[in-house]
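Enquirer: coordinates for the following, if possible.
(one chain, ligands or ions: 3)
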Amino acid sequence: MSRIIIVSNRLPLKAQKKEEGITLEPSEGGLATGLGSVYKQGDNLWVGWPGLVLEEEQDQEYVRGALLKENMQPVFLTETEVKEYYEGFSNETLWPTFHYFSQYAIYEQQLWEAYVAVNQKFCDEVLKFAQPEDTIWVHDYQLLLVPQLIREKLPGVSIGFFQHIPFPSFEIFRLLPWRREIIEGMLGADLIGFHTYDDMRHFLSSTNRLLGFANLHGLIDTGQRAVLIDAFPMGIDYEKYATLASEEETIRIAEKYRTAIGTPRIIISIDRLDYSKGIPNRLYAFEMFLKRYPEFKEKVSLVMIVVPSRDTVEKYKRLKEEIDELVGRINSSHRTISWNPIQYFYRSFPLPEISAFYRLADVGLVTPMRDGMNLVSKEYIASKYDQKGVLILSEMAGAAQELADAIQINPNNIGQMAEAIHEALILPEEEQITQMSAMQALIKTYDIHQWVKVFMDRLSYVKIKQQSYTTDPLTGEALDNLKQQYRKKTPRLIFLDYDGTLAPFTKDPRKAGPDQELLTILEQLTADNCNRVVIISGRDRQTLENWLGHLPVDLIAEHGVWLKRREVNWETILTLKNDWKREVRPIMEAYVNRTAGSFIEEKDYSLVWHYRRVPSGLGKLRSRDLIHHLGYIASNINLQVMEGNKIVEIKNLEVNKGLAATRWLEMYPSDFIMAIGDDRTDEDMFRLMPRGTFTIKVGSQRSVAQFHLGSVKDVRNLLQSLGSSKETFCPELTEDPSNPQTYS
Ligand SMILES: O=P(O)(O)OC[C@H]1O[C@H](O[C@H]2O[C@H](CO)[C@@H](O)[C@H](O)[C@H]2O)[C@H](O)[C@@H](O)[C@@H]1O
Ligand SMILES: O=c1ccn([C@@H]2O[C@H](COP(=O)(O)OP(=O)(O)O)[C@@H](O)[C@H]2O)c(=O)[nH]1
Ligand SMILES: [Mg+2]
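Expert: Ligands and ions are numbered 1, 2, ... in the order given. Predicted structure coming up:
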C-alpha cells in the first residue's frame, strides 16, 4: 500500500527546552490529539513544525533524529517566520477571519509574503520524501497554499486537504485581500474536507463567486481537474478515551480530585486559551446561575482548565487578563471559607488527569463562539463510563451538528446558558443515561478510524472520477503527433467554435468580436490551400457575417440552422418552425423584468436568455427556474432547452452542431480533421466526428473529446503555430489526376 504523508503546521510532539536538555512532549489542540492515533500505521510520515524555534544546528539534528524514530519529519521555523507566518498571518489574519472575528483581523502584505514563503518551505520538505504514488494529506489553515504548490511539482499525486476550523460565509471571506490566491491554493487538492456541511457550502459559494466554478454534488470542474468538496466531521479515538476512563490509575486520580474539590457536583470545561472558545461568556453564565440558584452554593464547582496557547499574540494576552480578572471577581464575591466556585487552572494536564476530570464531572460545559469541531465535547462523552453526565454544547461548534442529544445553547445568550447549567444539574439520571448512550453510540461508530477511512475512500473515488474524464492534455507527444499529421499537406478540415474557443467571453456578448490577433490567425490558416476552416457557432448569421464574412472561411450559424460555404451564400437545409417564439418570448420577458442585467437574444430559430451580468447566485437560481418553466412547453412542441455558459437557450430539437458538421464531412472528405469547442453544444460535434479526428475541448477536461486545451489563449497559440509554419503550407492547388486529393 502506498503511504500517507501528513502535513500540518504543528506536529503531535512539541520540543521543549528544559534544564536537562531538549524534550519532546505531546502537543495540545484537536488536530494533534485527533490524528496522533492514526498516523503511525504502516510507514506513514508526518511533516510539521515541532513548536519551538531551534536555531542551533546541533539542536535541530537532535530533534530531527528523535522525531524520525516516531515517523515525523520536522520543518524548522525561524523566529521571524514564527512571528510573521504563524502568529501573524495564520493567527492574526486567517484565524479571526475564519472564526467570524474579522474585526480582530489584520491585513499586512509582509505577513502574507511570509505565509507564502513558509507554505513553500513546507512544500519543499514534503517534496524531499514524496513519491508520485504516495497520498499527501495536508491539514488546516496554516497551509492553505501547500496543495497547489505540491501539485505543480507532482501533477498526478493524490492530495487531500482537511480544514479543521470553520470556513466562513463569502461575505466574511471576501474581506481577505488574498482571497483568490487562497482558494486557488486549496484547489490544488483532489479532495477538500471540512467538518460540517455549512463550511462546505460556504467554500463552494466562495469558489463560485471568485472563480466562477459551479459544482455538482460537491464536485467542481476547475478545467484542470475534478476536485471534490465534502463534509467529514472528525471523530476521536473512542476506545482510547473509554478505556482510559475506566483504568485504575484514572479512578484513583478522580477520587483524589473529588475529595480535594469537595463539592458533590462538578462541572468541567477544558479549552485552549482562545477568544473563539467563549470563556468569558461561560463565566458570566456561571455567575448568573449562582445568583439565580443560590441553593447550589457550596454544592457545585466549575473546574476550568485553560491551556496556554498563542500567548505572544496580543489578543490572546488580553483575553488572559480578562479571564484572570473575571475569575478573581466571581470567586471573591461568591466564595465561602470552605468553597471556591471556580477552580481555575492556566496550564495543560497529562492525558490521565484530563480523563479523570471527564470521568468525575457531572456536567461538561462547552461554550465556544465558533469552533471547527471541538473534540473536548466528544472526549467527555467517551469518558462517561456509566452514561451519567450531561453535555452542554454551543450550537456554534461543529460538534453540535452531530450531538443533537446535548443541551444546546447559544453562547451569546447568557440567561439561556445559566438555565442550561441548572437543567443539567437537575436532570434525572435515566434521562442522562438515555441521552448519553445515544451520543456514545454515535461517536463510537463515527470514530477517528472511520473518519480517516471515509476521507481516504472519497479521495480514491475522486481519483477514479478524474480518470473517467477521458481527455488528455494536448501537449508533448500528442501535440507532436497532431503537428505531424498536419504537415502531410492533404486536405484538412478545421471546425472552430467561436465564443469560449476563439474569443473569450465578455460581459456584453456583442462586444466579443474578433481582435486583430484572431483575424491574423484566421487569415494565415485560410491562406493555406489545404485548409477548409469552418466557424461553427451558436451565433446568428448576421453577426458571423459582420465579424468574419470577409474571410475565406465557411460559417455555420445558430448551431447548424444556417450554413455558408465560402464560395456560396447562406442556405438552410432544415424546414424549421419558429411560431413557438410567440409563446416562449413572453415567458423569457417575464424573467428579464424580474432580473436586472439579463436580456434576450433572438435568432431566426431560437431564443436565448443571457444572465452573465446578473449577480452570480441569483442568475443561477433564475436560470434553473426558467429551464424548469420552459421544459413543460418544450416537450410538447419539439423544442430543446439547453443550458450554456451563463445562458439558457431554447431551439428546435433537430438542430445541433453535430448534424451540421456531418454535412461538411460528406462534402469535403479530408485526411486531417480537427474540431475545437468549449461547451455542451460542441459535444454534439465531437460525438459525430470520425475516428482519427483531433477533437479538442477548451477550458475543461470533462468531454467526449480526445484532448483538452486550457484556454482561448492556448487555442490561438496552437492555430498560430499551425498556420505560420512554411513547411506545412500548401501554396496552390495543383490537382494530381491520379489522386485528386493531393496538393503540391
Ligand atoms: O497549533 P496551535 O496554534 O497551538 O493550535 C492548536 C490547534 O487548534 C486548532 O484546532 C482545531 O482542530 C480541532 C480538530 O479538528 C477542532 O476540533 C477545533 O475546533 C479546531 O479549532 C487548529 O485548527 C489546529 O491547527 C491547531 O493546531
Ligand atoms: O491539558 C490539555 C487539555 C486539552 N488537551 C487536548 O486538546 C484538544 C483540544 O481539541 P479541541 O478540538 O477541543 O479544540 P482546539 O484546541 O483544537 O481548538 C483535546 O483533544 C484535549 O484533550 C490536551 O492535550 N491537554
Ligand atoms: Mg463556445
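
Enquirer: okay, and Ile266 sits in which element?
Expert: Here Ile266 sits within strand 265-272, counting by DSSP states H and E.

Enquirer: and Val376, by the same measure?
Expert: Following DSSP H and E, one finds Val376 within helix 375-382.

Enquirer: what mean pLDDT does that helix get?
Expert: Average pLDDT, helix 375-382: 98.

Enquirer: partners of the following helix or strand past that helix, with directions?
Expert: Per DSSP H and E, the first helix or strand lying C-terminal to helix 375-382 is strand 390-394. Each strand paired with strand 390-394, and its direction, by DSSP bridges: strand 363-366 (parallel), strand 407-409 (parallel).

Enquirer: deepest of those, which one?
Expert: Of the strands paired with strand 390-394, the one with the most neighbours on average (mean count of other CB atoms under 10 Å) is strand 363-366, at a mean of 27. Every residue, glycine included, has its C-beta placed from N, CA and C.

Enquirer: now it, how far from the centre of its chain.
Expert: 32 Å (CA atoms, centre = their mean, to the nearest Å).

Enquirer: averaged pLDDT, it. What do you get?
Expert: Strand 363-366 comes out with an average pLDDT of 98.

Enquirer: that strand and ligand 1, are they touching?
Expert: No: using CB under 6 Å from any ligand atom, strand 363-366 stays clear of ligand 1, with a minimum separation of 10.5 Å.

Enquirer: and that strand, C-alpha only, in PDB?
Expert: Extracted in PDB, the C-alpha atoms of strand 363-366 (Å, rounded to 0.1, in the frame of the first residue of the first chain):
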ATOM      1  CA  VAL A 363     -21.600  18.400  33.500                       C
ATOM      2  CA  GLY A 364     -19.300  19.100  30.500                       C
ATOM      3  CA  LEU A 365     -19.600  22.800  29.700                       C
ATOM      4  CA  VAL A 366     -18.500  23.600  26.100                       C
END
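
Enquirer: other residues contacting that strand?
Expert: The contact list for strand 363-366, computed with CB atoms under 8 Å, 6 or more residues apart in numbering, reads 265-269, 271, 282, 286, 302, 358, 374, 376-377, 380-381, 389-394, 397, 399, 421, 424-425.

Enquirer: what do you get for stretch 595-613?
Expert: Residues from elsewhere that reach stretch 595-613 (CB under 8 Å, 6+ apart): 505, 507-509, 538-541, 557-559, 561-562, 576, 578, 581, 584-585, 588-589, 591-592, 614-615, 618-619, 622-623, 626, 646-652, 655.

Enquirer: restrict stretch 462-480 to CA atoms and write it as CSV.
Expert: Provided in CSV are the C-alpha atoms of stretch 462-480 (Å, rounded to 0.1, in the frame of the first residue of the first chain):
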residue,chain,number,x,y,z
VAL,A,462,-12.3,11.4,-6.9
LYS,A,463,-9.1,10.0,-8.4
ILE,A,464,-11.1,7.4,-10.3
LYS,A,465,-13.6,10.0,-11.3
GLN,A,466,-10.8,12.1,-12.7
GLN,A,467,-9.6,9.3,-14.8
SER,A,468,-13.0,8.9,-16.3
TYR,A,469,-12.6,12.4,-17.8
THR,A,470,-11.2,10.9,-20.9
THR,A,471,-9.5,13.9,-22.4
ASP,A,472,-5.7,14.1,-22.4
PRO,A,473,-3.8,17.4,-22.4
LEU,A,474,-2.8,18.4,-25.9
THR,A,475,0.9,18.6,-25.1
GLY,A,476,4.1,16.5,-25.6
GLU,A,477,3.7,13.5,-27.9
ALA,A,478,0.0,14.2,-28.6
LEU,A,479,0.8,17.6,-29.9
ASP,A,480,3.8,16.4,-31.9
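
Enquirer: mind listing what's buried along it?
Expert: Within stretch 462-480, the residues that count as buried by 16 or more other CB atoms under 10 Å are Val462, Lys463, Gln466, Tyr469, Thr471, Leu474, Leu479.

Enquirer: same question for stretch 636-652.
Expert: Buried residues in stretch 636-652 (16+ other CB under 10 Å): Leu639, Gln640, Val641, Met642, Gly644, Lys646, Ile647, Val648, Glu649, Ile650, Lys651, Asn652.

Enquirer: which one of the residues you listed is nearest to ligand 1?
Expert: Lys646 (37.1 Å; CB to the nearest ligand atom).

Enquirer: whichever of the contacts of strand 363-366 end up buried, select them in PyMOL.
Expert: To isolate the buried members of the contacts of strand 363-366 in PyMOL, using 16+ other CB under 10 Å:
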select buried, resi 266+267+268+269+271+282+286+302+358+374+376+377+380+381+389+390+391+392+393+394+397+399+421+424+425
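
Enquirer: helix/strand/coil for the closest residue in space to Arg663 that isn't next to it in sequence?
Expert: With sequence-adjacent residues excluded and distances taken as CB to CB, 6 or more residues apart in numbering, Arg663 is closest to Leu563, at 6.9 Å. Put simply, Leu563 is strand when judged by DSSP: H, G, I helix; E, B strand; the rest coil.

Enquirer: show me what Leu563 bridges to in the sheet.
Expert: Beta-bridge partners for Leu563, by DSSP bridges, are Ile556, Glu571.

Enquirer: report how many residues lie close to it.
Expert: Using other CB atoms under 10 Å, Leu563 has 24 other residues around it.

Enquirer: what sits against it?
Expert: The neighbours of Leu563, taking CB under 8 Å, 6+ apart as the test, are Asp554, Leu555, Ile556, Ala557, Trp570, Glu571, Thr572, Ile573, Ala660, Arg663.

Enquirer: any idea how far the nearest residue to the fourth one once chain neighbours are set aside is from Glu87?
Expert: I take that to be Ala557. Spatial nearest neighbour of Ala557, excluding adjacent residues (CB to CB, 6+ apart): Arg541 at 3.8 Å. Counting by CB to CB, to the nearest Å, the gap from Arg541 to Glu87 is 63 Å.

Enquirer: show me what contacts the closest residue in space to Glu583 that isn't next to it in sequence?
Expert: Leaving aside its sequence neighbours, Glu583 sits nearest to Ile633 (CB to CB, 6+ apart; 6.5 Å). Contacts of Ile633 were listed using CB under 8 Å, 6+ apart, and they are Trp580, Glu583, Val584, Ile587, Leu639.

Enquirer: and which of the buried residues of stretch 636-652 is nearest ligand 3?
Expert: Gly644 (7.7 Å; CB to the ion).

Enquirer: so in terms of bridging, what pairs with Ala397?
Expert: Applying DSSP bridges, one finds that Ala397 bridges with Asp371.

Enquirer: which residues of the stretch 301-450 of the chain lie near ligand 1?
Expert: Neighbours of ligand 1 within the stretch 301-450 of the chain, by CB under 6 Å from any ligand atom: Ser309, Arg310, Asp371, Gly372, Met373, Asn374, Leu375.

Enquirer: what's the burial count for the closest residue to ligand 3 within the chain?
Expert: Here the chain gets closest to ligand 3 at one residue, Gly500, 3.6 Å apart by CB to the ion. By other CB under 10 Å, 20 other residues sit near Gly500.

Enquirer: could you do the one 4 residues further on as well?
Expert: The local packing of Pro504 (other CB under 10 Å) involves 12 other residues.

Enquirer: with Val452 instead?
Expert: 21.

Enquirer: for the closest residue to it other than its chain neighbours, report the pLDDT, please.
Expert: Nearest residue to Val452, sequence neighbours excluded (CB to CB, 6+ apart): Val38, at 5.2 Å. Predicted confidence (pLDDT) for Val38: 70.

Enquirer: correct me, but Val38 touches Ile448?
Expert: Yes: with contact defined as CB atoms under 8 Å, Val38 counts as touching Ile448 (6.0 Å).

Enquirer: higher neighbour count, those two?
Expert: For Val38 versus Ile448, neighbours defined as other CB under 10 Å are more numerous around Ile448 (23 against 16).
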